[in-house]
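Sequence below, structure please.
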Amino acid sequence: MHTPLRAVHVALSWLTVLPVPQPRVTMDRAVGGAVMSAVPVVGAVLGVLAAGVAALLSVTDLPDTMIGAIVVVVLALLTRGMHLDGLADTADGLGCYGPPERVAEVMRSGSAGPFGVATIVAVMLIQSVGFGVLAGEHRWYDIGFAIALGRLIAVVGARRGLPAAHPEGFGALVANSQRRSVAVWSGLAIVGALATGWRADGFSTAQAVQSVIVAGAVVACGWWFTRHCARRIGGISGDILGAGIELGVTLSVVGLLV
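Got it, this is the predicted structure:
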């Protein structure tokens, strides 16, 4: 199970609706840790698919903002909406201003409150507009890069030192499992950021530097966000990791357009 290819296979079957063969594995912490180390690869696959959808739609008469909205919907469908659900639950939990027990209770209630709904609307709106602008400028690589970069926050959130909030569930399988993968993927994110500098008319050093700064900012924000959530709830949960992914994608899109 610990081979990288096997980890990617399980991650794709676990975190997406892509028609890959169902792996025969026992879901334990060893598998959970391997899957988390492969999450950015899942992001890259989703990024390629989303960029392809945007490119195909760009030859139609659809406005850029609608293309961006469709990309966001496609991503939600491909991931079963689990990250958006985690974002809503996390927003509601953090918005209750209660002790860790109360935050955990709100997050596990299963219903979306005002904080959750407002956060989902804001994130989806920003992503829709952002992806639309990138599509309008034919920045297909940047669309895929933003989606993959956002997944890095999930790896950061599963780093050593942050325990699971609950003894069961997704968080219990993956929390406190990542160490070297955080550094490896952060380094690869910088390499990927440099590639955004390539344009049809040559290489833009300013764009490459901007993207490197964006990558660093996403990692730093992800580090702070997951630590803050772990302090409020008493550990890391799947909802927090899903929320981190959505916020990471949003920050990436905004950063690439600043």
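
Only C-alpha atoms from now on, for both contacts and neighbour counts.
Will do.

I'd like the mean pLDDT over the strand or helix carrying V156, please.
Using DSSP states H and E, V156 sits in helix 140-157. In this model, helix 140-157 has an average pLDDT of 97.

what's the nearest residue to T205 if we skip its chain neighbours?
Of all residues not flanking T205 in the chain, G197 sits nearest, at 6.0 Å (Cα to Cα, 6 or more residues apart in numbering).

if I pick that neighbour, what's in contact with it?
F203, S204, T205, A206, Q207, A208 (Cα atoms under 8 Å, 6 or more residues apart in numbering).

Kindly recompute the last result at 7 Å.
When contacts are counted by Cα atoms under 7 Å, 6 or more residues apart in numbering, G197 touches F203, S204, T205, Q207, A208.

which among the residues you listed end up buried?
Neighbour-count burial (16 or more other Cα atoms under 10 Å) is assigned, among the contacts of G197, to Q207, A208.

what would the contacts of G197 look like in TSV with distance to G86 and secondary structure?
Formatted as TSV, the entries for these read as follows, by distance: Cα to Cα, whole Å; DSSP: H, G, I helix; E, B strand; the rest coil:
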residue	distance to G86	secondary structure
F203	38	strand
S204	37	coil
T205	37	helix
Q207	32	helix
A208	32	helix
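
ok, the contacts of G197 vs T16, which is closest?
The shortest gap between T16 and any of the contacts of G197 belongs to A208, at 30.2 Å (Cα to Cα).

can you pull the contacts of the closest one?
A193, L194, A195, T196, G197.

Can you report how many residues neighbour P100?
Each residue near P100 was counted by other Cα atoms under 10 Å, and the total is 19.
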